[in-house]
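**Student:** The sequence and its predicted three-dimensional model are supplied below.
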Amino acid sequence: MGNSESWPLAAFFLSTFAVVFAYAIYPILIFVLSKVFGRPNHAIGLKDDELPQIALLIAAYNEERIIRQRIENALNLDYPIEKLTIAICSDGSTDETNEIVACLVERHPGRIQFFDCPVNRGKASVLNETIPQLESEIIVLSDANTAMLPDALRSLASWFAQPDVGVVCGKLVLYDCVTGNNADGLYWRYETFLKKCESRLGALLGSNGGIYAIRRDLFPGLPQGTIIDDFYIPMEIKRRSGCRIVYDTKAVAREETAASIGAEFRRRSRIGAGGFQAIGMLWRLLSPTHGWVAFAFFCHKVLRWLCPFFLVIAVISNAMILDTEFGQAMFALQLLGYTLASVGPWIPNRPKVLKLLRLPAMFVSMNVALLFGFFKWAFKRQSGTWACTDRTLSSHVQFANVLTGEPTK
């Protein structure tokens, strides 16, 4: 076989292996490595007088329909009142968000700090401006559409009794915006599994934006236009200080899933744009001197974000070897996979075995969204400012009940 015939075959094998490694081999490998080289993470229980001062920071943009419930959720958390400040920053909201927050500030004097940024500049600017004004030792970052379980802050805070811990990532549980039932799909459980393994290995990557805590004096500041702050902040803190980032499965928050397929696609493409941006910002973490962090960053994030290109290469290189039986067999498998992906959204959920047939659709849509995200990033079409999250009417009624995990009656 000459070079003109062998290179398409090599390209097909390499691109296919890269995809299989990123999604299937890496999870097995990180699990084994975490068992062999990792160490269990345990928080130290603290009494009330030992707990640190905490500021719960919630950045919001046009959240009039849910901000009241979010603040009430924060006010009812099981944490000493004198040690908890609830900080709300409105990033140029044009609805009734500011008026609602101002009313609650008057109703609960001394418990809520309100920062009104008149112009919508994006979350990066909000955090850069607000965090230095907070006096608490620990900053917990959260979102307006997130509801924390009562003991979440207490659980997060307990980790900081260990001086080498700089960031604590809480557990985010997704719920269906109509029924209120847990909606943790296979992919979310898969990502949670990876977080647990990486945390044990000391290589946790980023955090869940709805619930994570940092030491205020380690906050690195965000470059203007940062898209995924909940990835950049923990990783830059890790790079600068060498601190531990841990995953706390007992600090639980609940957040609704996207209200539509289109909303979920936009969310994923935004994450994709932020991912490619983050490679340029955090490439120093790929140095072998960062140990397991470099390994996890490359395998879990960089390879994953590059998978859309590997998939395109696999199709093109496969088409160039169709004159072989192997090439024909592989092309048939690819055609079957993409056909299942195209009909996946219409495959019913019951019986459960049919759910497996929906995996190709999830996989392909995720990678198409990442590809869109790449072009948004490359052509600077994705800004760091935000739009109000799409939510159904029922999700606002639902919000008050998510702490119990019970569907709305």
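**Tutor:** Arrived safely, thanks for sending.

**Student:** Surely residue 344 is in contact with residue 363?
**Tutor:** No: the pair residue 344 / residue 363 is not scored as a contact, 9.1 Å apart, by C-beta atoms under 8 Å. Where you see a C-beta, it was placed from the backbone N, CA and C, and this is true even at glycine.

**Student:** Give the buried residues for the helix of greatest length in the chain.
**Tutor:** Looking across the chain with DSSP state H, the single longest helix is helix 261-282. Neighbour counts over helix 261-282 (16 or more other C-beta atoms under 10 Å) mark 264-266, 268-279, 281-282 as buried.

**Student:** now swap in stretch 371-379 and tell me
**Tutor:** So for stretch 371-379, counting by 16+ other C-beta under 10 Å, buried means 371, 372, 373, 374, 376, 377.

**Student:** May I have the predicted confidence score for residue 347?
**Tutor:** As predicted, residue 347 sits at a pLDDT of 73.

**Student:** Surely it and residue 356 touch.
**Tutor:** No: the criterion here is C-beta under 8 Å, and residue 347 misses it with residue 356 at 9.4 Å.

**Student:** Neighbour count: the two, which is higher?
**Tutor:** Of the pair residue 347 and residue 356, residue 347 is the one with more neighbours under other C-beta atoms under 10 Å, namely 14 against 11.

**Student:** Poorly predicted segments of the stretch 101-250 of the chain, please.
**Tutor:** Residue ranges of the stretch 101-250 of the chain with pLDDT under 70: 176-184.

**Student:** Output the buried residues of stretch 371-379 in JSON lines; the columns should cover distance to residue 35, pLDDT and secondary structure.
**Tutor:** Shown next, in JSON lines, are those (distance: C-beta to C-beta, whole Å; pLDDT from 0 to 100; DSSP: H, G, I helix; E, B strand; the rest coil):
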{"residue": "371", "distance to residue 35": "35", "pLDDT": "95", "secondary structure": "helix"}
{"residue": "372", "distance to residue 35": "37", "pLDDT": "94", "secondary structure": "helix"}
{"residue": "373", "distance to residue 35": "33", "pLDDT": "94", "secondary structure": "helix"}
{"residue": "374", "distance to residue 35": "35", "pLDDT": "94", "secondary structure": "helix"}
{"residue": "376", "distance to residue 35": "39", "pLDDT": "93", "secondary structure": "helix"}
{"residue": "377", "distance to residue 35": "36", "pLDDT": "93", "secondary structure": "helix"}
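
**Student:** What is the nearest of those residues to residue 45?
**Tutor:** Using C-beta to C-beta, residue 373 comes nearest to residue 45 of these, at 41.6 Å.

**Student:** tell me the contacts of that closest one?
**Tutor:** For residue 373, the contacting residues are 268, 269, 270, 271, 272, 273, 274, 275, 276, 382, by C-beta atoms under 8 Å, 6 or more residues apart in numbering.

**Student:** just the residues you listed now: which is nearest residue 25?
**Tutor:** The closest of those, once distances to residue 25 are taken by C-beta to C-beta, is residue 275, at 20.2 Å.

**Student:** buried residues in the host helix or strand of residue 35?
**Tutor:** Taking DSSP states H and E as the criterion, residue 35 maps to helix 26-37. Within helix 26-37, the residues that qualify as buried by neighbour count (16+ other C-beta under 10 Å) are 26, 27, 30, 31, 33, 34.

**Student:** ok, of those, which one's closest to residue 201?
**Tutor:** Nearest to residue 201 among those, counting by C-beta to C-beta, is residue 34 at 4.6 Å.

**Student:** tell me the SS of the residue nearest to the spatial centre of the chain?
**Tutor:** Residue closest to the average C-alpha location in the chain (C-alpha atoms, centre = their mean): residue 208, at 4.5 Å. Per DSSP: H, G, I helix; E, B strand; the rest coil, the local secondary structure of residue 208 is coil.

**Student:** Tell me the spacing between residue 339 and residue 360.
**Tutor:** According to C-beta to C-beta, to the nearest Å, residue 339 and residue 360 sit 8 Å apart.

**Student:** cool, and residue 18?
**Tutor:** In this view, residue 18 and residue 360 are 18 Å apart by C-beta to C-beta.

**Student:** got it, and residue 47?
**Tutor:** Distance from residue 47 to residue 360, counting by C-beta to C-beta: 52 Å.

**Student:** what bits of the stretch 251-400 of the chain have low per-residue confidence?
**Tutor:** Where the stretch 251-400 of the chain drops to pLDDT under 70, the residues are 258-260, 349-350, 352-354, 382-400.

**Student:** Next, the contact list for the residue nearest to the centre of the chain, please.
**Tutor:** Per C-beta under 8 Å, 6+ apart, neighbours of residue 208: 169, 170, 171, 172, 230, 253.

**Student:** Same question for residue 275.
**Tutor:** Here residue 275 is in contact with 228, 231, 301, 305, 370, 373 (criterion: C-beta under 8 Å, 6+ apart).

**Student:** quick one: secondary structure of residue 114?
**Tutor:** Going by three-state DSSP: residue 114 is strand.

**Student:** and it, how many neighbours does it have?
**Tutor:** Residues near residue 114, counting by other C-beta under 10 Å: 14.

**Student:** just checking, it touches residue 105?
**Tutor:** Yes: in this structure residue 114 lies within contact range of residue 105 using C-beta under 8 Å: 5.2 Å.

**Student:** and residue 47 and residue 360? which has more neighbours close in?
**Tutor:** residue 360 (19 against 6).

**Student:** Wait, the more buried one touches residue 345, no?
**Tutor:** No: distance between residue 360 and residue 345: 10.8 Å, which falls outside the contact criterion (C-beta under 8 Å).

**Student:** which residue packs closest to residue 216, ignoring adjacent ones?
**Tutor:** residue 139 (5.1 Å; C-beta to C-beta, 6 or more residues apart in numbering).

**Student:** any idea which helix or strand carries that neighbour?
**Tutor:** Applying DSSP H and E as the criterion places residue 139 in strand 138-143.

**Student:** Can I get that strand in PDB? Just the C-alpha atoms.
**Tutor:** C-alpha atoms of strand 138-143 as PDB (Å, rounded to 0.1, in the frame of the first residue of the first chain):
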ATOM      1  CA  ILE A 138     -15.100  32.700  51.500                       C
ATOM      2  CA  ILE A 139     -17.100  33.600  48.400                       C
ATOM      3  CA  VAL A 140     -19.800  31.200  47.200                       C
ATOM      4  CA  LEU A 141     -20.800  31.800  43.600                       C
ATOM      5  CA  SER A 142     -24.200  30.800  42.400                       C
ATOM      6  CA  ASP A 143     -26.900  31.600  39.800                       C
END
